[in-house]
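S.K.: sequence and predicted structure, then a few things I'm wondering about:
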Amino acid sequence: MRRKLIAGNWKMYKTDAEAIELARGIAREAGNLTDRDVLLCPPFTSLKSVNEAIQRTSVKLGAQTLHWEKEGAFTGMISGPMLKAVGCSYVIIGHSEQRQYFGETNETVNKRVKAALSYGLLPIMCVGELLAEREAGRAEAVVKEQLEGGLKSISQDDMKKIVIAYEPVWAIGTGKTATPEDADNMHKFIRGTVAKLYSSEIAEGTIIQYGGSVKPENVDELMARPNIDGALVGGAALKVESFTRIVRFK
Ligand code: PGA
């Protein structure tokens, strides 16, 4: 049985004071759920204070990326051990905004996934096609390439720790959601690809989140689909009320 994982990706929003307020509100409203996992991914500047705000609740902490080196002269970067030390258990890797604006490639995704695993962090590896790729009928081919590249030479045991997030780029922050059927079909394709790369047993255990304009209004039907194991939420994760409703999907 796969446990649903609902993650809030706060992106570059919230000062530290705002982050504390949001985290406290979520902890109060959704901090005692035991049948699903709730994860907050604030900016680096608030990891420590959000970690304090969610103490003694079931809410977990994650970061939005990491560098693959342990330490060194890499101005502006943050390493896996630094994230571990402030209480992170997860890290988002390969988000489409990192791919689009900061030069992330399948190769750097692979390096980050390996680094995360080696420092005891659970990677949430993001994949998803652009609108032009979907319209050209290449959505599955692109996602397959991202999976094969991102998971290159990762062992069977390590694969059991990786979460995949399917985020069609055209649905991120646009208000357009993939229909639950389309999303479920892609999730099925992703699971099939993991089965080919690893085994059907590993694929059956892999958590595959959906992301892209997940909202209180559409979360229930998305989560009802057999291959959708949770959500990676951007905009709607920035308010206690909307995120709490999403987390409490029926
Ligand atoms: P959105 O973002 O929910 O605002 O579409 C999702 C994401 O980018 O993770």
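M.R.: Yep, it's here.
S.K.: how much space between the residue lying farthest from the centre of the chain and the ligand?
M.R.: Each residue of the chain has a distance to the centre, and by CA atoms, centre = their mean the biggest one is for residue 73: 27.8 Å. Separation of residue 73 from the ligand (CB to the nearest ligand atom, to the nearest Å): 31 Å. In short, each C-beta sits where N, CA and C put it, glycine included.
S.K.: please apply the same query to residue 145.
M.R.: In terms of CB to the nearest ligand atom, residue 145 sits 20 Å off from the ligand.
S.K.: show me the contact partners of the helix or strand where that residue lies.
M.R.: Using DSSP states H and E, the element containing residue 145 is helix 139-150. Helix 139-150 has contacts (CB atoms under 8 Å, 6 or more residues apart in numbering) with 93-94, 105-107, 109-110, 113, 125, 127-130, 133, 164, 166, 168, 186, 189-190, 193-194, 197.
S.K.: run through who's touching the helix or strand just after that helix.
M.R.: Sequence-wise, the next helix or strand downstream of helix 139-150 (DSSP H and E) is helix 156-159. Here helix 156-159 makes contact (CB under 8 Å, 6+ apart) with 117, 151, 194, 197, 198, 199, 202, 206.
S.K.: so for helix 156-159, mean pLDDT?
M.R.: Average pLDDT, helix 156-159: 98.
S.K.: for the closest residue in space to residue 121 that isn't next to it in sequence, helix, strand, or coil?
M.R.: Nearest in space to residue 121, with sequence neighbours left out and distances taken as CB to CB, 6 or more residues apart in numbering, is residue 91 at 4.8 Å. What DSSP: H, G, I helix; E, B strand; the rest coil gives for residue 91 is strand.
S.K.: residue 91 pairs with what?
M.R.: Beta-bridge partners for residue 91, by DSSP bridges, are residue 63, residue 123.
S.K.: just the ones of the contacts of helix 156-159 in helices?
M.R.: Residues of the contacts of helix 156-159 located in helices (DSSP state H): 117, 194, 197, 202.
S.K.: before we move on, the earlier item: check contacts around the residue farthest from the centre of the chain.
M.R.: By CB under 8 Å, 6+ apart, no residues touch residue 73.
S.K.: would you agree it falls within a strand?
M.R.: No. Using three-state DSSP, the assignment for residue 73 is coil, not a strand.
S.K.: confidence score at it?
M.R.: According to the prediction, residue 73 has pLDDT 98.
S.K.: tell me the contacts of the residue in the chain positioned nearest to the ligand?
M.R.: In the chain, the residue that lies nearest the ligand is residue 234 (2.3 Å; CB to the nearest ligand atom). Counting by CB under 8 Å, 6+ apart, residue 234 touches 9, 11, 172, 173, 211.
S.K.: was I right about the third one contacting residue 213?
M.R.: Yes. The criterion here is CB atoms under 8 Å, and residue 172 meets it with residue 213 at 7.1 Å.
S.K.: residue contacts, the closest residue to residue 175 other than its chain neighbours?
M.R.: Distances taken as CB to CB, 6+ apart place residue 213 nearest to residue 175, at 5.4 Å, with adjacent residues excluded. By CB under 8 Å, 6+ apart, the contact list for residue 213 reads 171, 172, 173, 174, 175, 176, 177, 235.
S.K.: with adjacent residues omitted, what lies nearest to residue 233?
M.R.: Using CB to CB, 6+ apart and skipping residues adjacent in sequence, the residue nearest residue 233 is residue 214, 4.9 Å away.
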